[in-house]
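K.L.:
okay, structure incoming, though there's no sequence with it:
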């Protein structure tokens, strides 16, 4: 089976049914994409993050589109996560409703490592980017 890049307009309701996680190939790192990475990671470092208090069983933070001064940069950050993310699963254990997400790793200004993800709406319609710290291994 040939592997195809993920379509930006994939619908979150079809992720499991259509098996896109098995076909996903990240976009290659060109000089333009490396420059884009610097811009997006700077935006993620300086974004306003809010703790997701409605999800205490999955502690994480989110940044909302409405808090970004430049909506195009928010949309680009979402598209970048989709272009360069890696497939991760939630929840991490096997259950019937388990779903794949595209995660992207970045480091904040204090050197803490995070992974971020978006939900499955098209980038122009996505309203939040989520982040969670990587768990330190002992």
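P.N.:
Structure received. Bear in mind that the values here come from a model prediction, so they are computed numbers and not experimental data.

K.L.:
measure the residue positioned nearest the centre of the chain to residue 81 for me?
P.N.:
Nearest residue to the geometric centre of the chain (C-alpha atoms, centre = their mean): residue 117, 2.2 Å. As judged by C-beta to C-beta, to the nearest Å, residue 117 and residue 81 stand 7 Å apart. (C-beta placed from N, C-alpha, C; glycine too.)

K.L.:
common neighbours of those two, please.
P.N.:
Here residue 117 and residue 81 have 102-104, 129 as joint contacts, going by C-beta atoms under 8 Å, 6 or more residues apart in numbering.

K.L.:
count the neighbours of residue 118 for me.
P.N.:
Other residues within reach of residue 118, judged by other C-beta atoms under 10 Å, total 23.

K.L.:
mind listing what's buried in the longest helix seen in the chain?
P.N.:
As assigned by DSSP state H, the longest helix anywhere in the chain is helix 31-46. The neighbour-count check on helix 31-46 (16 or more other C-beta atoms under 10 Å) flags 36-37, 40-41, 43-44 as buried.

K.L.:
in a helix, that's where the residue nearest to the centre of the chain is, yeah?
P.N.:
No: the assignment for residue 117, made by DSSP: H, G, I helix; E, B strand; the rest coil, is strand rather than a helix.

K.L.:
coming back round to it: and the buried residues of helix 31-46, which two are furthest apart?
P.N.:
Using C-beta to C-beta, the two most remote members of the buried residues of helix 31-46 are 36 and 44, lying 12.4 Å apart.
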